[in-house]
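>>> quick one: sequence plus predicted model below, questions after.
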Amino acid sequence: WKAIIGGKRIKVGAILEDVNGQLTAEVLSKEANEVTVKLNWEYGTFSELLLNSGTLPLPPYLHRESEESDKETYQTVFAKDDGSIAAPTAGLHFTDEILSKLNAKGIRIRELTLHVGPGTFLPFSSDNVSQHKMHSEMFSINKLLLQDLKQDIEEKRKIVCVGTTSIRTLESLYWAGNDIEDFQENSLVRQWSPYNSKKLISPIESLDRLIDNTSGEVLQGKTELIIVPSYEFKFTDGLFTNYHVPKSTLLLLVSAFVGDMWKDIYKSALDNKYRFLSYGDSSLLWR
């Protein structure tokens, strides 16, 4: 398994043990704080072991252990599938009551899935963005959503994403359709596709390609997409998002979305003592 591990003294060959003594991890290779480990345990499935022996993976920047209350507060009301390493935190601001009120106002709510990976916690290690390697994350899209999205664009409806997770997934759909042959072969949207593609089709054409080439009810794949200033958004008009830290890919995404205005937005947040990060305040941004 690939993992992120704390502790500079941990070396290749080290054998780590969980607090309950049910799991050991042998470090096979190490580069900075990323390691490859071999896991060993005696009883049950790995999923059962995680549920019984693991703790809720709060982001490290909260600087505290998880509490019983986090099982409810660090979870969205619409979560369904296991697989994400972290909650899509912009979604924490939504309750069943709010979703009902949005429905009553005729605002259509549609769901997609992206399993957030450990790369979300890794800051830039270089001042040159081109040297940053994005981790791939798995996404899952119902074919019906592709058809609804096409209709929304044709009817010129505003499309608002809840969270950087959602916007990264939605924008990845365009590049999956634009580079359909590559996506069919690798099930992967590549990190630099938006900046290297020589031929661009329309968002409608891209969705048509995906609809025609999705044989089942669900489109699944992986995305490495990085959204940085100069990126041209294909689907998204608005974005709900929390406030992010310097040197993060998420802050770059926000700056790509609103342009230089991001500096004023963040200055206002700091001046008014808004809370940042996972349990922080949210914003609604428009392009």
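Right, received. Where do you want to start?

>>> mind listing the helices for the stretch 51-200 of the chain?
Shown for the stretch 51-200 of the chain, the helices assigned by DSSP state H, counting those that start in this stretch span residues 70-73, 96-104, 143-154, 164-178, 180-186, 193-196.

>>> okay, the ones you listed in TSV with distance to E26 next?
Yep, even glycine has a C-beta here, placed from its N, CA and C like the rest. Shown next, in TSV, are the helices of the stretch 51-200 of the chain (distance: least, CB to CB, whole Å):
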stretch	distance to E26
helix 70-73	30
helix 96-104	45
helix 143-154	42
helix 164-178	32
helix 180-186	31
helix 193-196	37
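
>>> pick the most buried one from those helices.
Mean neighbours per residue, mean count of other CB atoms under 10 Å, is largest over the helices of the stretch 51-200 of the chain for helix 164-178, with a mean of 25.

>>> pLDDT of that one, averaged?
On average, the pLDDT along helix 164-178 is 95.

>>> and that helix with helix 143-154, angle?
Taking axes from the mean of the first three to the mean of the last three CA atoms, to 10 degrees, one finds that helix 164-178 is oriented at 90 degrees with respect to helix 143-154.

>>> of all the helices of the stretch 51-200 of the chain, which one comes closest to L252?
In terms of CB to CB, the element of the helices of the stretch 51-200 of the chain nearest to L252 is helix 164-178, at 10.0 Å.

>>> still on that earlier bit, for L253, find the nearest of the helices of the stretch 51-200 of the chain.
helix 164-178 (5.3 Å).

>>> centre of the chain to that closest one, how far?
Taking the mean of its C-alpha atoms, helix 164-178 sits 11 Å from the chain's own mean (CA atoms, centre = their mean, to the nearest Å).

>>> now do stretch 53-65
Distance, stretch centre to chain centre, for stretch 53-65: 18 Å (CA atoms, centre = their mean).

>>> ok, residues contacting that stretch?
Outside stretch 53-65, the residues that touch it by CB atoms under 8 Å, 6 or more residues apart in numbering are 6, 18-20, 22-23, 66, 70-71, 74, 85-86, 121, 245, 277-279.

>>> give me that answer again for 7 Å
The contact list for stretch 53-65, computed with CB atoms under 7 Å, 6 or more residues apart in numbering, reads 18, 20, 22-23, 66, 70-71, 74, 85-86, 121, 277-278.

>>> where in the protein is pLDDT low?
For the chain, the stretches with pLDDT under 70 are 121.

>>> which residue lies farthest from the center of it?
Using CA atoms, centre = their mean, the residue of the chain lying farthest from its centre is E42. It sits 32.7 Å away.

>>> from K30, how far off is that residue?
26 Å (CB to CB, to the nearest Å).

>>> again, but for Q184
Distance, Q184 to K30, by CB to CB: 35 Å.

>>> the strands in the stretch 101-250 of the chain, which residues?
Counting by DSSP state E, counting those that start in this stretch, the stretch 101-250 of the chain has strands at residues 113-115, 137-142, 160-162, 188-189, 218-223, 238-242.

>>> need those strands in CSV with mean neighbour count and distance to D260, can you?
Output for the strands of the stretch 101-250 of the chain, formatted as CSV (neighbours: other CB atoms under 10 Å; distance: least, CB to CB, whole Å):
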stretch, mean neighbour count, distance to D260
strand 113-115, 20, 28
strand 137-142, 20, 28
strand 160-162, 21, 21
strand 188-189, 23, 27
strand 218-223, 19, 27
strand 238-242, 20, 16
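
>>> could the ones you listed go into JSON lines alongside distance to L200?
JSON lines is the format used below for the strands of the stretch 101-250 of the chain (distance: least, CB to CB, whole Å):
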{"stretch": "strand 113-115", "distance to L200": "23"}
{"stretch": "strand 137-142", "distance to L200": "21"}
{"stretch": "strand 160-162", "distance to L200": "21"}
{"stretch": "strand 188-189", "distance to L200": "14"}
{"stretch": "strand 218-223", "distance to L200": "18"}
{"stretch": "strand 238-242", "distance to L200": "22"}
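
>>> please pick the buried ones from the contacts of stretch 53-65.
L23, D70, Y74, A86, F121, L277, S278 (16 or more other CB atoms under 10 Å).

>>> pick out the most distant pair among these.
Across these, the longest distance by CB to CB is 28.9 Å; it joins L23 and L277.

>>> next, count neighbours for D212.
Neighbour count of D212, defined by other CB atoms under 10 Å: 10.

>>> many thanks, we can stop here.
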